[in-house]
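K.L.:
pasting the sequence and the predicted coordinates here, then a few questions.
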Amino acid sequence: MITKPHSFFCSKNSYSIFGFMFIGIMLFSFTESFALNEITIQTDRNSYDAGELVTINGKATGMLNKQVAIEIKDSAGHVILVRTVKTDSNGDFVLKFRMPSSAKAGNMNIIANTNIGNNPLTTSKEITNTAIPHVAAPEFGPVVSLVLVIAIISVVAVTAKTRVIPRL
C-alpha cells in the first residue's frame, strides 16, 4: 500500500488556519478606518478682542502625525483664516493666531476637519469676537488735540501780554 505523504498545506485544517489568518490580516489593515476617531478643539477663552492671541488646542484621537485643516469664519460667514496643522505622536495639535481687526464682531466659527481613509471627520467650536473696530476720526486724534490746546494757550498768553483783545 502506497501512502501519500501528509501535506499540511492541503489538509482541511490548513484551509481553516489560512482563512483565519487572511481575515485577521484584513481586519488589522482596516483598523485605522474603523477605529474610534474623533477631533475635539478647545480655546483658551470664549471671547476675544481685535489683536488678542487666540490659542486653539486640539486632540485627534486615533490620528497620529496626520494633517488637520482649520478654518475660521467671522459672524458674517467670511473666512478669515485657513491653516493646516499636523498632529503630534499623541494626536494633539495647537494653532495660535491674532484676532484680526477686520473680522466682524459677533460669534465666530472654528472648523477642524481631516480625512480617515475616505471618511471625512469634522468638528466645530464657536467663539465671540467682542471687538468693534476702533477708528479714530483724524480731526479728533491725540496730536490734533495737543495742537488745539497749544493754540488756545498761545492766544490767551498773547492777549494777556499785549492787553489787546482781538476783534472778530
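P.N.:
That came through, no problem.
K.L.:
touching stretch 113-124 from outside, list them.
P.N.:
The contact list for stretch 113-124, computed with Cβ atoms under 8 Å, 6 or more residues apart in numbering, reads 32-33, 35, 37-41, 60, 62-63, 66-69, 71, 109-112. (Each C-beta comes from the backbone N, C-alpha and C, glycine too.)
K.L.:
what comes up buried for whichever strand or helix holds Q42?
P.N.:
Using DSSP states H and E, Q42 maps to strand 38-43. For strand 38-43, burial by neighbour count (16 or more other Cβ atoms under 10 Å) applies to 39, 41, 43.
K.L.:
let's see the pLDDT reported for the spatially closest residue to the first one that is not a sequence neighbour.
P.N.:
I take that to be I39. Take I39 and drop its neighbours on the chain: the residue closest to it by Cβ to Cβ, 6 or more residues apart in numbering is T123, 4.5 Å away. pLDDT for T123: 90.
K.L.:
kindly state the beta-bridge partners for T123.
P.N.:
A112 (DSSP bridges).
K.L.:
returning to what we had before: any chance of the buried residues of strand 38-43 in JSON lines, with pLDDT and distance to R163 too?
P.N.:
Shown next, in JSON lines, are these (pLDDT from 0 to 100; distance: Cβ to Cβ, whole Å):
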{"residue": "I39", "pLDDT": "89", "distance to R163": "80"}
{"residue": "I41", "pLDDT": "94", "distance to R163": "73"}
{"residue": "T43", "pLDDT": "94", "distance to R163": "67"}
